[in-house]
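Asker: what's the 3D shape of this:
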Amino acid sequence: MNKRSPMVAGALGIMIVLLATMAVFSLERLPILGAASNYTAHFQEAAGLEPGNEVRIAGVKVGVVDSVELDGDKVDVAFRVKDAWVGNNSSASIQIKTLLGQKYLAIEPRGDEVLRPKDPIPLERTTSPYDVIDAFSDAASTITDIDTDQLASSFETLSQAFSETPADIRASLDGVSRLSQTIASRDTELQQLFEATGATSRVLADRNQEFNRLIADAGPLLEELNNRQQSISQLLTGVQRLSQQLTGLVRDNEEQITPMLQQLNGVIDILNENNDALVRGIELYAPFVRLYANVVGNGRWLDITLANLAPPGLPLIPGYREPAQDLRNPVQDVGAN
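Answerer: Predicted coordinates:
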C-alpha cells in the first residue's frame, strides 16, 4: 500500500482552500447559471464615475461598476449586471446620483437579442453628463477672460446712440448701462466668488461619502424623534405650564421679593467691601482647623503640650515634695516666718 506524502497532502489542501476562497469572492464573475453578466461600454470621458458605483436600469440597481480605465482617446467602463436583460442595441449614460456629485451608470435596454459580453456599447450610444465642478471652473475662466471695462464702454455707447428714442426704450438701455457698470466694478469680487464656488464644489465632491453617511445616520434619528413625538409634545407642554406657574408665583409675590432682593444686594455690597478681610480670615482658619483636629482627634481628651511650665533654673527632682507655702492657710505661714 502506497503511503501519501504529508507535504503533498498539505499542499493539495491549501490549494483547495485557496480555490474555494477565490470562488466565493468571485462567484458573481463565474460563468454559471444565475451569475452576473459582464459588459463594457465606451465613453468620451469618465465624468466622475468610479469603480463600485451602481448600475441601474429604470432606476433599479442591477449591478456595479468594476473598473474605469483609459483606452486611447476613450474610456472603457467595465460593469456587471445580474438578473436583468441587456439588449444588443442598448445605450448607457452616466447620471448624477446626488447633489454632491456621486454618479451611477444607467443602462437603457434595447434591441432584439441579448448583448454578448464581448460586444461593447459603442461611443454612439453612450453619453456623459457635464460635471458641476467643471461648470463652475469654466464659468470662472470665462468671466476672467471678459474685458469688463470694454463691455461697460460698449453698453454706454449703445445707450448714448439710443438717447433720442422713446422714454421706455431709453430707460431700459440706461438700466442695461448701469448693470454693465455694476458688473465692471464688481469684476474682482465675481471672479473670487466663482473661484471659491469651484473650490467648495471640489471639497463637497471629495467628502461625498461622509455626507452620505451623515444623511443616512440622520434617518434613524428622525425616525426616533417621530416615534417619540407624543412624549416630546408632552414634555414641551409641561415646560410651558411650569413657566406659567413660575411667572404667576413671581407676580403674586412681587411685593415680598423686591425688598428681599434689595437686602440681598446690600449683603453683597458688604461682602465686597470686606473681601480682603474675608480672604485673610479663610487663610487663617485653615491652620486653626488643622491644629484643632490634632488636639481633639486622638480620643476623649485634649492632646496638648504646655511648654516652659516650670520656672527656669529649677532642678528637676523626682518624687513628691512638700509645698514651700500652704495656700490653704497663708496667714499662719507668714507668722511662722
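Asker: quickly find the element holding residue 75.
Answerer: strand 74-81 (DSSP states H and E).
Asker: show me what that strand is packed against.
Answerer: strand 37-43, strand 54-57, strand 60-71, strand 103-108 (3 or more CB pairs under 8 Å, 6 or more residues apart in numbering; DSSP states H and E). Just so you know, the C-beta spots here come from the backbone N, C-alpha and C atoms, and that holds for glycine as well.
Asker: who does that strand pair up with?
Answerer: Within its sheet, strand 74-81 is paired with strand 37-43 (antiparallel), strand 60-71 (antiparallel), according to DSSP bridges.
Asker: specify the angle between the first one and strand 103-108 in degrees.
Answerer: What separates the directions of strand 37-43 and strand 103-108 is an angle of 100 degrees, with axes from the mean of the first three to the mean of the last three CA atoms, to 10 degrees.
Asker: average pLDDT for strand 37-43?
Answerer: Strand 37-43 carries an average pLDDT of 91.
Asker: repeat that for the last one.
Answerer: Per-residue confidence for strand 60-71 averages out to 91 on the pLDDT scale.
Asker: now swap in stretch 189-209 and tell me
Answerer: Here the average pLDDT along stretch 189-209 is 69.
Asker: and for stretch 114-134?
Answerer: On average, stretch 114-134 scores 80.
Asker: quick check: mean pLDDT of the helix or strand containing residue 15?
Answerer: If you go by DSSP H and E, residue 15 is part of helix 6-25. Across helix 6-25, the average pLDDT comes to 70.
Asker: now distance to residue 178 and mean neighbour count too, for the helices and strands packed on strand 74-81, in a markdown table please.
Answerer: Converted to a markdown table, the helices and strands packed on strand 74-81 look like this (distance: least, CB to CB, whole Å; neighbours: other CB atoms under 10 Å):
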| stretch | distance to residue 178 | mean neighbour count |
| --- | --- | --- |
| strand 37-43 | 46 | 20 |
| strand 54-57 | 49 | 20 |
| strand 60-71 | 49 | 15 |
| strand 103-108 | 42 | 20 |
